[in-house]
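Engineer: give the three-dimensional model of this entry:
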Amino acid sequence: MNKSDLIAALAAKENLTEKQATDTINLIFNGFTDALKKGGRNEIRGFGSFSVRQYDGYTGRNPKTGAKTDVGAKKLPFFKVGKGLKARLND
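Structural biologist: Numbers count the residues shown, from 1 in each chain. You can find the predicted model right below:
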């Protein structure tokens, strides 16, 4: 399922226009993103949690040329599956 499928499902289930469903989904995603940007954590009970992990910079290598290059520090989102979702998938 992608974002447009989610919007269509919400619009059909709740009798919303596509614009209302799009605004609702964007509000949720933007809220998640803003919380993660501030260093917070998003937890949806029974589904899982999203957090940010900090990775240090390192010296990488271009696989095509073999030249060394510096890769800067970065933050990446991390998802941890909740117990409820694990149980539902393994039933």
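Engineer: L76 is in contact with L36, isn't it?
Structural biologist: No - at 10.2 Å, L76 does not count as touching L36 under the criterion of Cβ atoms under 8 Å. To be clear about C-beta, it is placed using only N, CA and C from the backbone, and glycine gets the same treatment.
Engineer: who's more crowded, those two?
Structural biologist: L36 (17 against 8; other Cβ atoms under 10 Å).
Engineer: who's the closest spatial neighbour of that one, skipping the chain neighbours?
Structural biologist: V52 (5.2 Å; Cβ to Cβ, 6 or more residues apart in numbering).
Engineer: same thing with T24?
Structural biologist: L10 is the one closest to T24 (Cβ to Cβ, 6+ apart), at 6.5 Å.
Engineer: and the strand or helix carrying the one you found, how far out from the chain middle?
Structural biologist: L10 belongs to helix 3-14 when assigned by DSSP states H and E. Computed by Cα atoms, centre = their mean, to the nearest Å, the chain-centroid distance of helix 3-14 equals 18 Å.
Engineer: same deal with stretch 54-68?
Structural biologist: 25 Å.
Engineer: give me the mean pLDDT for it.
Structural biologist: For stretch 54-68, the mean per-residue pLDDT is 94.
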